[in-house]
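In: dropping a prediction and its sequence here:
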Amino acid sequence: MVGDFLNVLAIIVNLVGASYKRVDALRTSYQANILEKLNTGELTGGSGQFQEMSLARLGDTRWGSHLLTITRFINMFSAIIDVLENISKDGIHSDKKSSALREMNNMQDFEFAFNLHFIFEILAITDDFSQALQKKDQDIQNAMKLSNLCKCALQNLRENGWDTLFSRVIEFCVDRHILVPNIEDIVLVKGRPRRVAQQLNDRFSGTTTKLFTCISCLSARDSFATFDKDKLLRLARFYPLDFNSEEHLLLRPQLDKFLLLVKMDETFFNLNSISCVAQKLIETRSSCHFSLVYRLLTLALILPVATSDLRNKMGDDWLNDNLVV
């Protein structure tokens, strides 16, 4: 389970980062490894670009923190093993020594290396999309583009990425003296990226995508460049309990006047979010004159709550359910 694997990573991160002494030992070992590879020609470039790095702790729900931890874990892999070995030999507490020895042995297993790289690939593909969902002022149109891009990238990983991933893991293991098993004995579950893509499809159905696209037409960015009256009228139809038949008819001319207002009134210039538009309508006492438009704006502002809930649903539990190796 991915959840179990991330828990193991958290244990290792906590072990090697438990004191300033261990953190210093980690940096020293990492820098020594870098200098050795620079001297042997395995790495090119100045040593300065590799010096500053620490092992990030796993966040509770933020995918970005998972990606950062795993990226640095891969880069500092040998240094982490060095520190764990030192803890297992010189540690004061017997439970910490045994834990360090156990995790060091876990890390020197092909399955661990494969899981590390596989989860890195998934999180690297989905990172931009997850970051877009975490923003307070969400660019919905951009988020939907990133969602579609994630689906295509996951499908490409499933269909074309396994050989490259496997080669990378094998090279990683050989370089770190990790035993590589007989390839014929390894069974890959190739359907997992497809299941991740399917989850994105389930979370963002055709109706949801249309809803997000319509809401993006209320964006104030670039002087309401994405304003589309027909799509906003369609948006109102997503809320049959909030707009009756008469109000649907009245909404069209009100949207026309609203667009003229925001183009003419400097108060509405240089706004960046839907919430700012709603606020300015209240400050200028225009919300009563554009009551239907204001109602659309307030309904659109519910979206951050919905996408926040979506982000939580697609967080650790979502990974656990769908990325089992």
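Out: Nice, thanks for sending it over.
In: what number of residues lie near Phe110?
Out: 16 (other C-beta atoms under 10 Å). (C-beta placed from N, C-alpha, C; glycine too.)
In: who are the contact partners of it?
Out: Val169, Cys173, Ile178, Leu179, Val180, Pro181 (C-beta atoms under 8 Å, 6 or more residues apart in numbering).
In: would you turn the residues you listed into JSON lines with secondary structure, pLDDT and neighbour count?
Out: Compiled in JSON lines, the contacts of Phe110 are given as follows (DSSP: H, G, I helix; E, B strand; the rest coil; pLDDT from 0 to 100; neighbours: other C-beta atoms under 10 Å):
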{"residue": "Val169", "secondary structure": "helix", "pLDDT": "92", "neighbour count": "20"}
{"residue": "Cys173", "secondary structure": "helix", "pLDDT": "93", "neighbour count": "20"}
{"residue": "Ile178", "secondary structure": "coil", "pLDDT": "93", "neighbour count": "18"}
{"residue": "Leu179", "secondary structure": "coil", "pLDDT": "91", "neighbour count": "9"}
{"residue": "Val180", "secondary structure": "coil", "pLDDT": "89", "neighbour count": "14"}
{"residue": "Pro181", "secondary structure": "coil", "pLDDT": "86", "neighbour count": "11"}
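In: for Asp242, helix, strand, or coil?
Out: Taken by DSSP: H, G, I helix; E, B strand; the rest coil, the conformation at Asp242 corresponds to coil.
In: show me what contacts it?
Out: Ala236, Arg295, Leu299.
In: try it again at 7 Å.
Out: Counting by C-beta atoms under 7 Å, 6 or more residues apart in numbering, Asp242 touches Arg295, Leu299.
In: which phi and psi does it have?
Out: The phi/psi pair for Asp242 (degrees, to the nearest 10) reads phi -110, psi -20.
In: coming back round to it: name the nearest of the contacts of Phe110 relative to Val16.
Out: Ranked by distance to Val16 (C-beta to C-beta), those are led by Ile178 at 18.5 Å.
In: list the contacts for that closest one?
Out: Ile178 makes contacts with Gln108, Phe110, Ala113, as judged by C-beta under 7 Å, 6+ apart.
In: how about 10 Å then?
Out: Neighbouring residues of Ile178 by C-beta atoms under 10 Å, 6 or more residues apart in numbering: Phe77, Ile81, Met107, Gln108, Asp109, Phe110, Phe112, Ala113, Val169, Ile170, Phe172.
In: try Ile170
Out: Taking C-beta under 10 Å, 6+ apart, we find Ile170 in contact with Phe110, Ala113, Phe114, Ile178, Val180, Ile183.
In: how about the helices in the stretch 151-300 of the chain?
Out: Taking DSSP state H, counting those that start in this stretch to define them, one finds helices in the stretch 151-300 of the chain at 162-175, 192-203, 206-216, 221-224, 229-236, 245-264, 274-283, 291-300.
In: chain center to the fifth one, what's the gap?
Out: It stands for helix 229-236. 30 Å (C-alpha atoms, centre = their mean, to the nearest Å).
In: low-confidence ranges in this structure?
Out: Applying pLDDT under 70 to the chain flags the ranges 1, 43-54, 56-65, 135-142, 183-209, 303-325.
In: longest helix in this structure, by residue count?
Out: When every helix of the chain is counted residue by residue (DSSP state H), the longest turns out to be helix 110-134.
In: which positions in that one come out as buried?
Out: 110, 112-123, 125-130, 132-133 (16 or more other C-beta atoms under 10 Å).
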